[in-house]
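1. the following block contains a protein sequence and its predicted model.
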Amino acid sequence: MKRLALAFVFLAFAGAAFFWVLTSPNSVPTERMAAISAHAPDVTNGENVFWLAGCASCHSVQGSSGDARLELVGGYQLKSDFGTFVAPNISMHPEDGIGAWSIEDFAGSIIAGVSPEGRHYYPAYPYGSFARMTDGDVADLWAFWQTLPAVATPTDQPETELGFPFNIRRGVGLWKLAFFNDKPFVDPATLPNDPVVARGQYLTEGMGHCGECHTSRNLAGAIRADVWLAGAPNPSGQGRIPNITPHADGIESWTEDDIAFSLESGFTPSFDSFGGTMASVAKNYANVSAQDREAIAAYLKIVTPIEDQR
Amino acid sequence: MPILSKSAKILIAAAVALSAGSAVVVAQDAIAERKAAMKSVGGAMRTLVGFARGQADYDAAAALAAFTTMNEVSQRYGGLFPEGSETGGDTKAAPAIWSDRAGFDAEVAKFQTNTAAAIAAAPADVDAFRAVFGPIGASCGSCHEKYQLSN
């Protein structure tokens, strides 16, 4: 009987140790980190990346416009089935924000989802998409970040509140094991060999992180590649996220120019103005280069048409 | 002797049922009416965007007519969201319209002010037009960001 108890204790410890090893946060591999640090930064490209990645939509004050979108104080509440995530302060403030970070800290955060202290971030922060970014784009973004203001966090800013077991941050390691990679969502071999489409794929699937909202997720909260961009319920529970594949349920009737113009202006081809978070996305994309808006449009016209999933 | 006769009770019940029914009808009318109103704004927008993008030659009279359509809608728009019209008819109105009425009214007021300013300016050429058109487009987005659902 005593032996059985000992065996049980041993198994429990072994299980815990296995979980611990399995879920340990890994930052960017050393070689890649060296390449990112060595990149000669291009601040202008960094600004383009900033708007493509849409950082301001969650990290600046909701409904803000103009220069206020560069004040990354956080506070946006993303409600989900797992609980409410509150976007943190990622301004250049040395204590409240990320002003004291190194480029290695930044790269580890944005493409590996690991904090400078070596903890997992929750994938509400779309590093699952950002992982596809090139070394140069990561480094340029950090260079642009240095130009942004430091903002103190208001004392009444709420904090992330998650239910059990999602409040165990270490568990994100399991999620990463199952779903986190930097592979393309659409097999490039199925796409025409066109540099504009390739650029559009890179932007849409990576820093643009369009699939994070526009694609349905499985029960574990991972993006379903089989219904890529075919719409989804709105995680906040209000309304739905539209299908943006070239299907009759989606944006089949939109021309490439319609898509590019809608990203720039926020107006659909029927001259409705985007609602909700997409209105905020359009405010970002008004600052993106015209070629990149056109590249995204070219890619969206070429993905597999899929009926509505929302 | 009951205070109300049976037939009076039936009459009252019928009246209550009717007014409840008519409240639903009013709500559905409001949803249909505000959709039609926004559609006419969209039509005006189509004309103006054509000028802004240089897809059509600037026509001062057509621009003024479009501004006037928008301003006319902006005057009555705030009244098209009565209590009870929060849902139904595939409305894209966000619950925030009713939970933050003052904020919504302020956005509608911005739309009124910007369109009135455009009418007053009566832009004669496309450069003058762009100056008054920019704020109008921005006010569409800032209202829809908070008060229209993303679908």
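-> Looks like it came in fine.
2. use CA for all of it now, contacts and neighbours both
-> Will do.
3. which stretches in chain B count as helices?
-> Using DSSP state H, the helices of chain B run over B:6-52, B:60-77, B:96-99, B:101-121, B:126-147.
4. roughly how far apart are A:Phe82 and A:Cys58?
-> 18 Å (CA to CA, to the nearest Å).
5. one step back: just send the helices of chain B back as TSV, with mean neighbour count, mean pLDDT and distance to chain A too.
-> Compiled in TSV, the helices of chain B are given as follows (neighbours: other CA atoms under 10 Å in any protein chain shown; pLDDT from 0 to 100; distance: least, CA to the nearest CA, whole Å):
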stretch	mean neighbour count	mean pLDDT	distance to chain A
helix B:6-52	16	80	5
helix B:60-77	19	97	13
helix B:96-99	16	96	11
helix B:101-121	18	97	11
helix B:126-147	20	96	4
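6. if we can go back for a sec, of A:Phe82 and A:Cys58, which one has the most company?
-> Between A:Phe82 and A:Cys58, A:Cys58 has the larger neighbour count (other CA atoms under 10 Å in any protein chain shown), namely 22 against 15.
7. now do the contacts for the more buried one.
-> For A:Cys58, the contacting residues are A:Gly74, A:Gly75, A:Tyr76, A:Ala87, by CA atoms under 8 Å, 6 or more residues apart in numbering or on different chains.
8. mind running it again at 10 Å?
-> Residues in contact with A:Cys58 (CA atoms under 10 Å, 6 or more residues apart in numbering or on different chains) are A:69, A:72-78, A:86-88, A:125, A:277, A:280.
9. of these, which belong to helices?
-> Reading helices off those with DSSP H, I get A:Thr277, A:Ser280.
10. in the contacts of A:Cys58, which has the lowest confidence score?
-> In terms of pLDDT, the weakest of those is A:Leu78, which scores 89.
11. that one touches A:Ser236, doesn't it?
-> Yes: at 6.9 Å, A:Leu78 counts as touching A:Ser236 under the criterion of CA atoms under 10 Å.
12. now list whatever residues contact both of those two.
-> A:Thr84.
13. partner residues bridging the spatially closest residue to A:Ser236 that is not a sequence neighbour?
-> Of all residues not flanking A:Ser236 in the chain, A:Lys79 sits nearest, at 5.0 Å (CA to CA, 6 or more residues apart in numbering or on different chains). Counting by DSSP bridges, A:Lys79 is bridged to A:Thr84.
14. quick one: residues contacting the spatially most central residue of chain A.
-> In chain A, the residue lying closest to the centroid (CA atoms, centre = their mean) is A:Pro126, at 2.2 Å. A:Pro126 is in contact with A:Ala53, A:Ile110, A:Ile111, A:Gly113, A:Gly206, A:Met207, A:Gly208, A:His209, A:Cys210, A:Gly211, A:Glu212, counting by CA under 10 Å, 6+ apart.
15. mind listing what's buried in stretch A:138-146?
-> Residues A:Val138, A:Ala139, A:Asp140, A:Leu141, A:Trp142, A:Ala143, A:Phe144, A:Trp145 are the ones in stretch A:138-146 that count as buried (16 or more other CA atoms under 10 Å in any protein chain shown).
16. surely the last one is in contact with A:Ala56?
-> Pointing back at A:Trp145 there. No: taking contacts as CA under 10 Å, A:Trp145 lies outside contact range of A:Ala56: 11.9 Å.
17. what is in contact with the two at once?
-> A:Phe50, A:Leu70.
18. what does the stretch 1-150 of chain A have sitting close to chain B?
-> By the rule CA under 10 Å from any CA of the partner chain, the part of the stretch 1-150 of chain A lying against chain B is A:Gln62, A:Gly63, A:Ser64, A:Ser65.
19. which of those residues has the most neighbours?
-> Within those, most neighbours by other CA under 10 Å means A:Gln62, with 19 neighbours.
20. got the contact list for the residue of the stretch 51-200 of chain A found nearest chain B?
-> Residue nearest to chain B within the stretch 51-200 of chain A: A:Gly63 (6.7 Å; CA to the nearest CA). Residues counted as contacts of A:Gly63 (CA under 10 Å, 6+ apart) are A:Ser57, A:Arg69, A:Gly276, A:Thr277, A:Ala279, A:Ser280, B:Gly141, B:Ser142, B:Cys143, B:Glu145, B:Lys146.
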